[in-house]
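**Q** Need the 3D shape of this:
(2 chains)
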Amino acid sequence: SQQGEEDPQALSIQEGENATMNCSYKTSINNLQWYRQNSGRGLVHLILIRSNEREKHSGRLRVTLDTSKKSSSLLITASRAADTASYFCATDAGGTDSWGKLQFGAGTQVVVTP
Amino acid sequence: EAQVTQNPRYLITVTGKKLTVTCSQNMNHEYMSWYRQDPGLGLRQIYYSMNVEVTDKGDVPEGYKVSRKEKRNFPLILESPSPNQTSLYFCATGRAYYNEQFFGPGTRLTVL
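**A** Just a heads-up that it's a prediction; the model follows:
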């Protein structure tokens, strides 16, 4: 079963605009990660936020985590054509012995047009 | 250069013909994992390994086997492939407890 689910499924924006996507999950977690995938290639890790953190930044990326709502958001500011990709959230299953077991959502497909 | 390599990258085979997809990493990572990716379903974890000789089932282990005899390699074995195992497969590695994973380039498998 999938732990994380992204919303929206697809997003089309113009260069310079911000892109926001959301991830909801079902059970408690130790941390939540976001990955990017370019057209059938391997995933690339973007950012990890731990369950005791509420917000994290990395370059043009901003991630928030609301454990009470079991949700996270990824904001890409000032988007570029190179940001065109699918974005996935991944969660562990919580607890002390589950860090290796990750569950991914179905992803948000982002298209940034020049 | 830090790398996760998978072989083969593309494979077309027939039902029931045993096959192995290899995964190798040069980053000395303890953790390795296999995923399959299907349209609309995202990535689903097949098996993972926390270290040599330690493997655990992910969410979709049926029809697959793995082994971890040495740290750098984590082969995925399909003893009797079936058409529903047609998918894009990814190997990933990471350092123990750090959670960030590094993905290989993927293996596209078609079972006829």
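**Q** C-alpha only now, for contacts and for neighbours.
**A** Fine.
**Q** Could you point out the longest strand of chain B?
**A** strand B:42-51 (DSSP state E).
**Q** how about the residues of chain B that lie near chain A?
**A** For chain B, the residues in contact with chain A (CA under 8 Å from any CA of the partner chain) are B:31, B:40-45, B:48-50, B:58-59, B:90, B:97, B:99-106.
**Q** Tell me who's in contact with the closest residue to B:Ser49 other than its chain neighbours.
**A** Leaving aside its sequence neighbours, B:Ser49 sits nearest to B:Thr55 (CA to CA, 6 or more residues apart in numbering or on different chains; 4.2 Å). The contact partners of B:Thr55, taken as CA atoms under 8 Å, 6 or more residues apart in numbering or on different chains, are B:Tyr47, B:Tyr48, B:Ser49, B:Val66, B:Ser67, B:Arg68.
**Q** for the first one, what are its contacts?
**A** Residues near B:Tyr47 by CA under 8 Å, 6+ apart: B:Ser33, B:Trp34, B:Tyr35, B:Thr55, B:Asp56, B:Lys57, B:Gly58, B:Asp59, B:Val60, B:Pro61, B:Val66.
**Q** switch the cut-off to 10 Å
**A** By CA atoms under 10 Å, 6 or more residues apart in numbering or on different chains, the contact list for B:Tyr47 reads A:100-101, B:32-35, B:55-62, B:64-67, B:74, B:76, B:91.
**Q** Is stretch A:32-52 positioned near chain B?
**A** Yes: among the residues of stretch A:32-52, A:32-35, A:40-48 lie within reach of chain B under CA under 10 Å from any CA of the partner chain.
**Q** so which of the residues you listed is the most crowded?
**A** Taking other CA atoms under 10 Å in any protein chain shown as the neighbour criterion, A:Leu32 ranks highest of the residues of stretch A:32-52 next to chain B with 26 neighbours.
**Q** Read off the pLDDT value for that one.
**A** According to the prediction, A:Leu32 has pLDDT 92.
**Q** Spatially nearest residue to it (excluding sequence neighbours)?
**A** Closest to A:Leu32 by CA to CA, 6+ apart is A:Thr91, at 4.7 Å.
**Q** any idea how far chain B is from A:Thr77?
**A** Distance of A:Thr77 to chain B, computed by CA to the nearest CA, to the nearest Å: 23 Å.
**Q** show me the contacts for that residue.
**A** A:Thr77 touches A:Glu15, A:Gly16, A:Glu17, A:Asn18, A:Ala19, A:Thr20, A:Gly59, A:Arg60, A:Leu61, A:Arg62, counting by CA under 10 Å, 6+ apart.
**Q** Repeat that for A:Val63.
**A** A:Val63 sits next to A:20-22, A:32-34, A:47-49, A:53-57, A:72-76 when contact means CA under 10 Å, 6+ apart.
**Q** Is it part of a helix or strand, or is it coil?
**A** Counting by DSSP: H, G, I helix; E, B strand; the rest coil, the backbone at A:Val63 sits in strand.
**Q** Can you check the pLDDT for it?
**A** pLDDT at A:Val63 comes out at 98.
**Q** Quickly list what the closest residue to it other than its chain neighbours is bridged to.
**A** Excluding the flanking residues, the one nearest A:Val63 by CA to CA, 6+ apart is A:Leu74, at 4.7 Å. Per DSSP bridges, the residues bridged to A:Leu74 are A:Met21, A:Val63.
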